[in-house]
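Colleague: give the three-dimensional model of this entry:
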Amino acid sequence: MLGGLGYRTEFLTTGNLGFLKKGDWLKNIGFEYVEGHDAHYYDGMKRYHFDAAPDDALYGRALQELKSKNGSPIFMMLETVTTHHPYVEPVTGKHSQEAAFRYADQQLGKFVDALKQREFFSNGYLMIVGDHRAMVPMMREERHRFGDRGFARIPFTIVGRTMQGQNEPNMFSQTDLLPSLRHWLGTGRQCFNPNQGIFLPNPIHQPACIFTHRSYNFDNVFVHCGTEDHVIKLDGDHTRFASNSTGSPELIEELHRLRAGLGWQ
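Modeller: Numbering: from 1, shown residues only. Coordinates of the predicted model:
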């Protein structure tokens, strides 16, 4: 989609792209250039989980790549590894979730400062998003704050000169990113499903319902519709609402359509 809008698409990570054949998958979904742990830039660097060099090395490689493109339109996705379980802080080698995240925040801040110095934000944006919640049990404070929905919540932040610097209270999902980019970078006119959200360059349409999986039960699909939660039990043609849940039959019909690979219309 981005290639059709004139953008070069790249995926850079310090991790091993052989994991779950990630490299092949990334090429299959359209990235023009894919690079992992075996890039020469990381030669001689100490490695951690997924054969990855530390996050600061990834940011250094990204700055090098941006400079080589000389300002041409590019969508570059960076996958960091340091904040993945088992949480090893690269500077001291300490095994600590807090230390790993403090390190990650510091390196991200340095990356933002470097982008500012290069005047990247005069015509560029940085989107920061998690791929999933941490693969550790939910803490009592987290459950008290977010309830059961905490299992599917991830943060999203965008940095750019036209952003308003405010929190967005409405819920969106990862499936809303591509249509939001299409709306922002393309014609700005498109049709979307009631359950499809558009949040770029600003919130335009909140999805009526968000469908999620939970790591502790892959037989169920959890559906969040505003303040209402529903649970659908996957069972082929007999897919149904779980015994402790009710909802509109249209939700199950929508789930069947998504499972058939039709995506959002």
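Colleague: got any ranges where the stretch 1-150 of the chain has weak pLDDT?
Modeller: Residue ranges of the stretch 1-150 of the chain with pLDDT under 70: none are present.
Colleague: one more time with 90
Modeller: 1, 4, 69-72, 85, 130-139, 147-150 (pLDDT under 90).
Colleague: that one: strands as residue ranges?
Modeller: Using DSSP state E, counting those that start in this stretch, the strands of the stretch 1-150 of the chain run over 8-13, 33-35, 74-79, 126-129.
Colleague: highest average neighbour count across the ones you listed?
Modeller: strand 8-13 (a mean of 20; mean count of other CB atoms under 10 Å). (Each C-beta comes from the backbone N, C-alpha and C, glycine too.)
Colleague: outside of that strand itself, list whatever touches it.
Modeller: Residues from elsewhere that reach strand 8-13 (CB atoms under 8 Å, 6 or more residues apart in numbering): 2-3, 26, 30-37, 39, 52, 58, 61-62, 65, 69, 72-81.
Colleague: just want the angle from that strand to strand 74-79.
Modeller: 20 degrees (axes from the mean of the first three to the mean of the last three CA atoms, to 10 degrees).
Colleague: roughly how far out does strand 8-13 sit from the chain middle?
Modeller: Computed by CA atoms, centre = their mean, to the nearest Å, the chain-centroid distance of strand 8-13 equals 14 Å.
Colleague: show me what contacts the residue nearest to residue 130 when sequence neighbours are not counted?
Modeller: Using CB to CB, 6 or more residues apart in numbering and skipping the chain neighbours, the partner closest in space to residue 130 is residue 154 (3.8 Å). Going by CB under 8 Å, 6+ apart, residue 154 touches 129, 130, 131, 132, 133, 174.
Colleague: what does residue 118 give?
Modeller: 63, 66, 67.
Colleague: now flag whichever of those residues is closest to residue 206.
Modeller: Closest approach to residue 206 among those (CB to CB): residue 66, at 33.1 Å.
Colleague: one step back: quick one: which of the contacts of residue 118 is most hemmed in?
Modeller: Ranked by neighbour count (other CB atoms under 10 Å), these have residue 66 at the top, with 19 neighbours.
Colleague: buried sites along stretch 18-38?
Modeller: 22, 23, 26, 31, 34, 35, 36, 37 (16 or more other CB atoms under 10 Å).
Colleague: quick check: the farthest pair among those residues?
Modeller: 31 and 37 (16.4 Å).
Colleague: if you skip the residues just before and after it, what's nearest to residue 258?
Modeller: residue 211 (6.7 Å).
Colleague: just put the contacts of residue 118 in JSON lines and tack on distance to residue 88.
Modeller: Listed next are the contacts of residue 118 as JSON lines, based on distance: CB to CB, whole Å:
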{"residue": "63", "distance to residue 88": "24"}
{"residue": "66", "distance to residue 88": "28"}
{"residue": "67", "distance to residue 88": "30"}
